[in-house]
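Asker: here is a sequence with its predicted model. Questions after.
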Amino acid sequence: MTAAMDSVVSKTTLALITAISLAFICGLAYVQWRDDPCLTAGSFKQPPPLQLQPGPPFIVHYVLMHPSSTQAPGNESALSFLDCMSMLSVVKNLKPDAIYLHTNVPEFWPFTPCEEFIKTWGNVKVINAPRKLTVNGSRINFIEHEADIIKLEALIEYGGLALDFDVYVIDGDRLRHLLLAYPCLGCHENVPKVNAGFLACQRGAEYPRMILKEYGTNYRPDLWVYNSGIVPWKLLRKNPELAHLVEGVCNAPEPNRKEEFVLQDGRHPWAEKVAHHSFLHDRNYTEQTVLTTSDSSMARLLYWILYTVPEPRKKTGGHQRDLLHQ
């Protein structure tokens, strides 16, 4: 009896020691190896997910101001084919979270001509933007100056990319990467002025605030590009960290040589650009023009936007390869 009891005690003690040892080992194993045979109930819990902060939505801003907000705009106020191609380039190549149209007639839908080319409109939002007739007591002479002010206000409030309708996005990925590296992106026509048709800024950037402040203290209504071009250039000369000027967007070719891109044979390279500012406003330019003037760089760019996948550097041979290597 005594021997049997001693045997039971010994086995119990041995089992207890084994259990304690195993528990200790498993405790260490839980810390280091989740697939260890010593898994406990807590071991099956997944580690908490990484709390990645999503970036702000990327918004593209267009501005369309009408002389009168009381008289309904006519068909001539709807977007042209070239305007639609600008939007299509944004949709295909940049894929923004939203496109905002800032206008003083928000009940007017100017996109009807574009519906042939753009099928999804859920991310397009029309924003009411009343006309700005004065700034700091001075009468604003040009409705285009009002549009430039509204662009700056939009970038201050939302961040994103403010575009004119004659600018075509080509490499949206590189544009996004550049905007992660710099607080703002712009383009210059020639010294000493930048171009207001292409300006991207992170939300909270100082550059658009500083330009807008100059409208309030140093507005020159008699000069076409003083506040939108010359003043921003001077600000960058003093504070180059404010923005990065992307080469080739607004100066290849320069506005006074735009016919070289539009009319001559396709010798102006565009496939390596972030975007192209054409300075072309021709309501008679249509899809048929693209097909019948295929030798021009402009037609080749628009053909690519219309008919090819949004990958400028993807070489698939044949006609597309010719288009990309003018």
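Answerer: Received, thanks. Residues are numbered from 1 along each chain as shown.

Asker: counting neighbours, what do you get for N218?
Answerer: By the measure other CB atoms under 10 Å, the count of residues near N218 is 11. Where you see a C-beta, it was placed from the backbone N, CA and C, and this is true even at glycine.

Asker: quick one, what contacts it?
Answerer: 227, 231 (CB atoms under 8 Å, 6 or more residues apart in numbering).

Asker: same check on L133?
Answerer: 139-140, 146.

Asker: now with 6 Å?
Answerer: With contact set as CB atoms under 6 Å, 6 or more residues apart in numbering, L133 has these partners: I140.

Asker: begin at 9, not 1, for the rest of this chat.
Answerer: Sure, I'll start counting at 9 from here, so that last one is L141.

Asker: for it, phi and psi?
Answerer: Per-residue torsions, L141: phi -90, psi -20 (degrees, to the nearest 10).

Asker: for it, give me the pLDDT.
Answerer: Looking at L141, its pLDDT reads 95.

Asker: roughly how far apart are it and H153?
Answerer: Counting by CB to CB, to the nearest Å, the gap from L141 to H153 is 11 Å.

Asker: same question for M218.
Answerer: Distance from M218 to H153, by CB to CB: 17 Å.

Asker: show me which of those two is the more surrounded one.
Answerer: When M218 and H153 are compared for neighbours, H153 comes out ahead with 24 against 17, by other CB under 10 Å.

Asker: Three-state assignment for that one, please.
Answerer: helix (DSSP: H, G, I helix; E, B strand; the rest coil).

Asker: now the strands for this structure?
Answerer: Ranges of strands within the chain are 67-72, 106-111, 132-136, 142-143, 146-147, 168-171, 175-177, 192-198, 201-209, 252-253, 283-285, based on DSSP state E.

Asker: ok, which of these comes nearest D303?
Answerer: strand 283-285 (17.2 Å; CB to CB).

Asker: packing partners for the closest one?
Answerer: Secondary-structure packing of strand 283-285 (3 or more CB pairs under 6 Å, 6 or more residues apart in numbering; DSSP states H and E): strand 175-177.

Asker: tell me the mean pLDDT for the strand it packs on?
Answerer: 98.
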